[in-house]
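**Student:** next come a sequence and a model predicted from it.
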Amino acid sequence: MPYRPIHKHSGVVVACSRTAWRRRGIARDARSSLGLARARRHQCCSGASPHWRRWLGIENRCVVPFTSFSENEALPDGSKPPVWFATGETRPLAFFAGIWTRWTSVRKVKEGETTNDIFAFLTTEPNIEVGAIHAKAMPAVLTTREEIDLWKMAPTLEALKLQRPLADGALMIVGRGEKKDGGGLVA
């Protein structure tokens, strides 16, 4: 079964199975032999919320690679097709600022108690492109090596400054509707 990395601050890689990625909002499709994920949905994670504070330390920060992500557009007929965003037409690599932890719980009764590596993406208010489709939030996106290093290694208050929307114009719509770009899973 293929595995996709979630990079932690120390350079150690947490590997999640294809099924685990889907449970956490990552599509099954990979963009290249690097195993780049295309995010379908993000989990809300506000750095200001007391719920998330215990996981904001350096030891729980991670970056999640993606090439495009989607938000659902509410249409007048009641349908909600995905609208795909990327930082460029060729869908260059970018990263979500995230947090992770190892969590023990009963997720499925028939499996009993399991221990899983789980993660959430930080979200923020949307920029103009995402806000036109989804006014509530967008993921906190990191696009430079400096931003990635800051997120993974800086003190919490400094790192949380990255929980901001990308500048207006920094994202573009690269697709509408279900995935059509032909990408497939890479072992």
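**Tutor:** On my side now, so go ahead.

**Student:** please identify the buried residues of stretch 141-161?
**Tutor:** For stretch 141-161, burial by neighbour count (16 or more other C-beta atoms under 10 Å) applies to 141, 142, 147, 148, 150, 151, 152, 159, 160. Any C-beta I mention is one placed from the backbone N, CA and C, and that applies to glycine too.

**Student:** likewise stretch 57-65?
**Tutor:** Result for stretch 57-65 [16+ other C-beta under 10 Å]: buried residues 60, 61, 62, 63, 64, 65.

**Student:** what does the first one show for phi and psi?
**Tutor:** When quoted as degrees, to the nearest 10, the phi and psi of residue 60 stand at phi -110, psi 0.

**Student:** which SSE is residue 178 in?
**Tutor:** Using DSSP states H and E, residue 178 maps to neither a helix nor a strand.

**Student:** isn't it up against residue 84?
**Tutor:** No: judged on C-beta atoms under 8 Å, residue 178 makes no contact with residue 84 at a distance of 9.8 Å.

**Student:** the two - which one has more neighbours?
**Tutor:** residue 84 (23 against 9; other C-beta atoms under 10 Å).

**Student:** nearest spatial neighbour of the more buried one, chain-adjacent residues omitted?
**Tutor:** With C-beta to C-beta, 6 or more residues apart in numbering as the criterion, residue 84 has its nearest non-adjacent residue at 3.8 Å, and that residue is residue 175.

**Student:** for the helix or strand hosting that neighbour, which residues meet the burial criterion?
**Tutor:** Applying DSSP H and E as the criterion places residue 175 in strand 172-176. Using 16+ other C-beta under 10 Å as the test for burial, strand 172-176 gives 173, 174, 175.

**Student:** give me the mean pLDDT for it.
**Tutor:** For strand 172-176, the mean pLDDT works out to 94.

**Student:** same deal with stretch 75-83?
**Tutor:** Taken as a whole, stretch 75-83 carries a mean pLDDT of 94.

**Student:** cool, and stretch 110-122?
**Tutor:** Averaged across stretch 110-122, pLDDT comes to 88.

**Student:** can you show me the CA trace of that stretch as PDB?
**Tutor:** Extracted in PDB, the C-alpha atoms of stretch 110-122 (Å, rounded to 0.1, in the frame of the first residue of the first chain):
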ATOM      1  CA  LYS A 110     -15.100  -3.400  15.000                       C
ATOM      2  CA  GLU A 111     -11.400  -2.300  15.100                       C
ATOM      3  CA  GLY A 112     -11.500  -1.400  18.800                       C
ATOM      4  CA  GLU A 113      -8.900   1.000  20.300                       C
ATOM      5  CA  THR A 114      -6.300   2.100  17.800                       C
ATOM      6  CA  THR A 115      -3.400   4.500  17.900                       C
ATOM      7  CA  ASN A 116      -3.200   6.800  14.900                       C
ATOM      8  CA  ASP A 117      -1.100   9.700  13.600                       C
ATOM      9  CA  ILE A 118      -3.700  12.400  13.000                       C
ATOM     10  CA  PHE A 119      -3.300  16.000  11.700                       C
ATOM     11  CA  ALA A 120      -5.300  19.200  11.100                       C
ATOM     12  CA  PHE A 121      -4.600  22.200   8.900                       C
ATOM     13  CA  LEU A 122      -4.600  25.700  10.200                       C
END
